[in-house]
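Asks: got a structure for you, letters missing:
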């Protein structure tokens, strides 16, 4: 029996460093190639030696698919192509291809220019890597080779995010990447058709969460921001450059306009302009509202939100700052946090998930003191006195959304990645109970083998279809499955179900009819055989309404294609009535079921 093998090099019972290897139909496919934001050593990238320790990695990977531009899904791509040596095809959507190199370059600058990391990819490597990328459109079927085919579906989450359906022959799986099942202010909801894959590989970041009303969350967010700045405090909102940043900026911009507030709101310099360019370029990927109003008003041209300069960090008075990155693991958001953390009037609002090991995860866990730096002479200790709030504006599917996707696509098996072990276990049990399908949650490096079943295509002749349709109309069972009787013909061209006479004609055979005869003794109170058959006819007609029940001119009872005759010894000696009657039942093999039923009915007595 064929199977699909899956092993996670990253995101197995973990969030970060998404990299999943799938072997299907003799092909090896890599899904995402991300980095882990919780590590700054070799653990930040997937362990590619798992694939091969000798020889070119391209010989072992048929293609790489990148679901979206977040670094935990694409951050290791230049490392794999330019330093490990992968030269095969890489597939991603057009927006992902446009935005990936910008985020990769920002990531490179943080690691090389600020941290002094020498074993890292260069700007030229990023450019060379992106030359290998093949951009795909939504719902476009792309042939990687004669058997391997992929198709992208809209995933919401961030601009350009896509789910990918991969088929090799009859086997298939759907990889979700990160997705969002509810539309927001600037992106639509994820969508996939009823593709019925053998395996669904889905993220499970919020496996146990069912989010409250989005409107309530937005109101709570605006209230906390307004109250803090009204008291003279500063609000830091760590975000990634594209995605939640635009969502929250649109929300805050409209509130500032409505309330006529003059308190400054800033965004990391340069990123707002870049974001606007990409949203203009890929307007078809945004929500219906933005597409409708884009000609009259660009919702990303903010009146109240200005570019942020580092010199503003120590400015007196209240302000709101959107700064990157979103988990406080590096960059401008971490710099601002260090300066504002000691003051209780300030606030940091974490609007999304934070990976274990990041500063964001530590402060959400209640840390009151943090140490920065490894060199004892330059170690820095920060007291955390500012208010810490977590408000999930994350664009990941919650538990309800994951269940909804499973209902839509109807997979035969499910595999959870990109989540925490305990939460995955809860969701796994729920999926197995509600959908009655196997569900897996492998750790990194653990291989899961999923058995698949192949369908065998069989053609059915028009004559068989017509007969079955007519029988269904008579029986009123058009929506129920039932067994049909016909002939299966197997030739070099394939398999075909046809009527016996069609099979004989097509194969050039002589028909040999097999007729079965059975002598049956049934209880009876009548004296003559003719009277017995007449009484049998009256009994069988209402019991077999779908069959023709009649006595022919020769005195033989015909029930469909089955005949019943009675022995000619009409009476016993003295003319007394017999206690039983011997009958002969005859039929062809096609009427075997009917003959069995008929004998059973007659044995009850006439």
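Replies: Received it, and whenever you're ready, just let me know what you need. Source: prediction; values computed, not measured. Numbers count the residues shown, from 1 in each chain.

Asks: any idea how far residue 519 is from the nearest residue to residue 317 once chain neighbours are set aside?
Replies: Once flanking residues are discounted, residue 317 sits nearest to residue 232: 6.8 Å by Cβ to Cβ, 6 or more residues apart in numbering. Quick note: C-beta positions are derived from backbone N, CA and C, even for glycine. For residue 232, the distance to residue 519 (Cβ to Cβ, to the nearest Å) stands at 107 Å.

Asks: higher neighbour count, the two?
Replies: residue 232 (12 against 9; other Cβ atoms under 10 Å).

Asks: quick one: that one and residue 345 touch, right?
Replies: Yes: assessed by Cβ atoms under 8 Å, residue 232 is found in contact with residue 345 at 6.1 Å.

Asks: What segments of the stretch 101-250 of the chain are strands?
Replies: 133-136, 141-143, 148-154, 162-168, 171-175, 199-203, 234-238 (DSSP state E, counting those that start in this stretch).

Asks: what sits against residue 379?
Replies: Each residue near residue 379 by Cβ atoms under 8 Å, 6 or more residues apart in numbering is listed here: 371, 372, 373.

Asks: Quick check: phi and psi at residue 464.
Replies: Torsion angles at residue 464 (phi, psi; degrees, to the nearest 10) stand at phi -70, psi -40.

Asks: Next, count neighbours for it.
Replies: 19.

Asks: Okay, it and residue 502: tell me how far apart.
Replies: Taking Cβ to Cβ, one finds residue 464 at 8 Å from residue 502.

Asks: cool, and residue 267?
Replies: The spacing between residue 267 and residue 502, counted by Cβ to Cβ, is 73 Å.

Asks: more neighbours, these two?
Replies: Taking other Cβ under 10 Å, residue 267 and residue 502 do not tie; residue 267 has more neighbours (26 against 18).

Asks: what does the model give the more buried one for pLDDT?
Replies: pLDDT, residue 267: 89.

Asks: Also residue 131?
Replies: Residue 131 carries a pLDDT value of 95.

Asks: show me what contacts it?
Replies: So residue 131 contacts nothing (Cβ under 8 Å, 6+ apart).

Asks: Likewise for residue 513?
Replies: Residues near residue 513 by Cβ under 8 Å, 6+ apart: residue 588.

Asks: What of residue 160?
Replies: So residue 160 contacts 68, 69, 92, 93, 94, 95, 96, 98, 99, 282, 285 (Cβ under 8 Å, 6+ apart).

Asks: again, but for residue 79
Replies: Residue 79 neighbours (Cβ under 8 Å, 6+ apart): 45, 120, 121.

Asks: The second one against residue 108, yeah?
Replies: To tie it back to what came earlier, the one meant is residue 120. Yes: the criterion here is Cβ under 8 Å, and residue 120 meets it with residue 108 at 6.4 Å.

Asks: more neighbours, the two?
Replies: Between residue 120 and residue 108, residue 108 has the larger neighbour count (other Cβ under 10 Å), namely 19 against 15.

Asks: you'd agree that one is up against residue 117?
Replies: No: applying Cβ under 8 Å as the test, residue 108 and residue 117 come out as separate, 9.0 Å apart.

Asks: Residue 30 belongs to a strand?
Replies: Yes: Residue 30 forms part of a strand when assessed by DSSP: H, G, I helix; E, B strand; the rest coil.

Asks: So it sits against residue 23, correct?
Replies: No: in this structure residue 30 lies outside contact range of residue 23 using Cβ under 8 Å: 10.8 Å.

Asks: When the two are compared, which one has more neighbours?
Replies: Legend: neighbour count by other Cβ under 10 Å for residue 30 and residue 23, higher for residue 30 (26 against 18).

Asks: Look up which helix or strand the closest residue to that one other than its chain neighbours falls in, please.
Replies: Residue nearest to residue 30 in three dimensions, not counting chain neighbours: residue 64, with 4.5 Å by Cβ to Cβ, 6+ apart. Per DSSP states H and E: residue 64 is located in strand 63-65.

Asks: Same question for that strand: list its buried residues.
Replies: Across strand 63-65, burial judged by 16 or more other Cβ atoms under 10 Å covers 63, 64, 65.

Asks: Give me the subset of the contacts of residue 160 lying in helices.
Replies: Mapping the contacts of residue 160 onto helices (DSSP state H) picks out 94, 95, 96, 98, 99.

Asks: For the second one, which residues are in contact?
Replies: Which is residue 95. 69, 159, 160, 278, 281, 282, 285.

Asks: how close does the nearest residue to the second one once chain neighbours are set aside get to residue 191?
Replies: In this structure, residue 159 finds its nearest non-sequential neighbour in residue 95, 4.9 Å apart by Cβ to Cβ, 6+ apart. Separation of residue 95 from residue 191 (Cβ to Cβ): 16 Å.

Asks: ditto for residue 543
Replies: Using Cβ to Cβ, residue 543 is found at 53 Å from residue 191.

Asks: do residue 547 as well
Replies: Counting by Cβ to Cβ, the gap from residue 547 to residue 191 is 51 Å.

Asks: Same question for residue 77.
Replies: Separation of residue 77 from residue 191 (Cβ to Cβ): 26 Å.

Asks: Same check on residue 467?
Replies: Distance from residue 467 to residue 191, by Cβ to Cβ: 41 Å.

Asks: follow-up on the earlier one: with pLDDT and distance to residue 554 as new columns, can the contacts of residue 79 be given to me in JSON lines?
Replies: As requested, the contacts of residue 79 are arranged in JSON lines below (pLDDT from 0 to 100; distance: Cβ to Cβ, whole Å):
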{"residue": "45", "pLDDT": "91", "distance to residue 554": "89"}
{"residue": "120", "pLDDT": "86", "distance to residue 554": "98"}
{"residue": "121", "pLDDT": "91", "distance to residue 554": "94"}
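
Asks: in this structure, what spans have low per-residue confidence?
Replies: 1, 114, 269-273, 276, 294-298, 374, 474-480, 568-578 (pLDDT under 70).

Asks: what's the first-to-last distance across stretch 470-485?
Replies: 14 Å (Cα to Cα, to the nearest Å).

Asks: ugh, typo on my part, it should be stretch 117-130
Replies: Start to finish, the residues bounding stretch 117-130 are 22 Å apart (Cα to Cα).

Asks: what does it rub up against?
Replies: Contact with stretch 117-130 is made by 40, 77-79, 81-83, 90, 97, 100-101, 104-105, 108, 111-112, as judged by Cβ under 8 Å, 6+ apart.

Asks: returning to what we had before: go through the buried residues of strand 63-65 and name the one nearest residue 143.
Replies: residue 63 (11.0 Å; Cβ to Cβ).

Asks: So that closest one sits against residue 31, correct?
Replies: No: in this structure residue 63 lies outside contact range of residue 31 using Cβ under 8 Å: 9.9 Å.

Asks: what's the burial count for the closest residue to residue 444 other than its chain neighbours?
Replies: Of all residues not flanking residue 444 in the chain, residue 12 sits nearest, at 3.9 Å (Cβ to Cβ, 6+ apart). Residue 12 has 26 neighbours, counted by other Cβ under 10 Å.

Asks: Please report how far residue 251 lies from residue 235.
Replies: 13 Å.

Asks: Equivalent analysis for residue 14, please.
Replies: Where residue 235 is concerned, residue 14 sits at a distance of 31 Å (Cβ to Cβ).

Asks: Can you pick out the residue with more neighbours from those two?
Replies: The residue with more neighbours, out of residue 14 and residue 235, is residue 235; 26 against 20, by other Cβ under 10 Å.

Asks: hey, what's the residue nearest to that one when sequence neighbours are not counted bridged with?
Replies: Sequence neighbours aside, residue 320 is the residue nearest to residue 235 in space, at 4.6 Å (criterion: Cβ to Cβ, 6+ apart). Judged by DSSP bridges, the bridge partners of residue 320 are residue 235, residue 265.

Asks: Now for residue 320: which residues touch it?
Replies: Contact analysis of residue 320 by Cβ under 8 Å, 6+ apart lists 225, 229, 234, 235, 237, 252, 263, 264, 265, 266.
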